[in-house]
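>>> generate coordinates for the sequence data below:
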Amino acid sequence: MLRFICLLKLLFLPQIIQILGTFVIKKHEQRDYKFVFSSRKGKTIFTSIVCKQKSDCEQMIEALKAQIELFAFTKVKNASGKYFFRLSKDGFVLANSRKYTTELLMGKGVDEVLKGIPAAEVLDFSDNDFVFPDAEAVFENDALSS
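Residues are numbered from 1 along each chain as shown. From the prediction side, this is the model:
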């Protein structure tokens, strides 16, 4: 049994470790779409521009995953002294990062994007389908089965 567990760890652990980020597609103000790229710890690294169609978000994500090296990272310092980066292609800004207190932390954010995007998973929460049942239904079923 112990050998079997060790074998499972060897087979699946590398796949788990490779997922260093997640794209999450969301509906914006009930009509438009946007996506965020989050670290493996769940912290948002950047947020995309607003798109009219969900397919636009999906195309941008696929392009980022396939050829991140074709996109430009532009460093920006705002009036309050915070750093952030803009992700663009051919001069068109596609996303803005979260704010960082130092240039070094912003650089680490860029590194996390470069490492994480190729293997990132994509989650689509744009349909607003709640995957968990209502608490009343769960507890009602528990009360009936007792």
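
>>> give the contact list for Leu114.
Ile68 (C-beta atoms under 8 Å, 6 or more residues apart in numbering). C-beta here means a position set from N, CA and C on the backbone, and glycine is covered the same way.

>>> how about it, phi and psi?
Backbone geometry at Leu114, expressed as degrees, to the nearest 10, gives phi -60, psi -40.

>>> could you tell me the per-residue confidence at it?
pLDDT recorded at Leu114 is 93.

>>> ok, it to Lys41 distance?
17 Å (C-beta to C-beta, to the nearest Å).

>>> now do Phe84
19 Å.

>>> buried residues in stretch 113-124?
The neighbour-count check on stretch 113-124 (16 or more other C-beta atoms under 10 Å) flags 113, 116-117, 120, 124 as buried.

>>> and the furthest pair within those?
Distance extremes for the buried residues of stretch 113-124: the farthest pair is Val113 and Asp124 at 20.2 Å, using C-beta to C-beta.

>>> give the burial count for Thr74, as a bare number.
Close neighbours of Thr74, defined as other C-beta atoms under 10 Å, add up to 11.

>>> same list (the buried residues of stretch 113-124) but as TSV, adding distance to Thr47.
Shown next, in TSV, are those (distance: C-beta to C-beta, whole Å):
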residue	distance to Thr47
Val113	12
Gly116	15
Ile117	15
Ala120	15
Asp124	16
